[in-house]
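K.L.:
Have a look; sequence and predicted model below, questions after that.
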Amino acid sequence: DDAWRSALSCLARCELAPPAAAARGLARACAAALLDAASSRGAEADAATRMQSDLIMEGAMVHGPPQEEDDAEKALGVLSRAEDLVRKLPLSGSLGRSDGAEAAESGADSIGLLRCGAVAARLAASLEALRTLRRRAELAQQWGAYAETYGNN
């Protein structure tokens, strides 16, 4: 940040547009990479959560630590932080550009945010379904243990 300020302080006011545009382009590229990485991590956690739910539905896996829940919660945190960081970036402002490139770049930013939000919503739903299935399986196991101990009277 200080290096940019010292370099820009040497430029005349009319010469600030190209470096500012380059910095904004770099910020956009970083934002896109951040959103893509967060979305990928969220999609992987969603797939693992759904697989765990399928195993519980089949009765193959009832016990064990809720590793998928922890991973899903961490991925939701990553998605949330990525969205917040990108929303806080000053990526708008045309600096005299009227060729529509600014609108296209802004649309790409919006698409990344929408994708990130959709992955987060899908992951939150999968996580809630996994928790419900896990709780249901635990209750069924406890009821089975009770019935075995005290009978079905």
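P.N.:
Arrived safely. Source: prediction; values computed, not measured.
K.L.:
Please tell me I have it right and residue 115 contacts residue 32.
P.N.:
No: with contact defined as CB atoms under 8 Å, residue 115 does not reach residue 32; the gap is 10.5 Å. C-beta: built from backbone N, CA, C; applies to glycine.
K.L.:
how about the helices in this structure?
P.N.:
Taking DSSP state H as the criterion, the chain contains helices spanning 2-9, 17-58, 67-88, 101-150.
K.L.:
In a markdown table, list those helices along with mean neighbour count and mean pLDDT.
P.N.:
What follows is these, written out as a markdown table (neighbours: other CB atoms under 10 Å; pLDDT from 0 to 100):
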| stretch | mean neighbour count | mean pLDDT |
| --- | --- | --- |
| helix 2-9 | 9 | 64 |
| helix 17-58 | 16 | 84 |
| helix 67-88 | 16 | 89 |
| helix 101-150 | 14 | 82 |
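K.L.:
My read is that residue 122 contacts residue 46, right?
P.N.:
Yes: Residue 122 is within contact range of residue 46, at 5.6 Å (criterion: CB under 8 Å).
K.L.:
Name all residues that make contact with the residue nearest to residue 119 when sequence neighbours are not counted.
P.N.:
Closest residue to residue 119 apart from its sequence neighbours, by CB to CB, 6 or more residues apart in numbering: residue 42 at 4.0 Å. Residue 42 makes contact with 75, 76, 78, 79, 116, 119, 120, 122, 123, according to CB atoms under 8 Å, 6 or more residues apart in numbering.
K.L.:
Report the two of these separated the most.
P.N.:
Greatest spatial distance among the contacts of residue 42 (CB to CB): 78 and 122, at 14.6 Å.
K.L.:
before we move on, the earlier item: so which of the contacts of residue 42 comes closest to residue 24?
P.N.:
Among the contacts of residue 42, residue 116 lies closest to residue 24 (CB to CB), at 20.1 Å.
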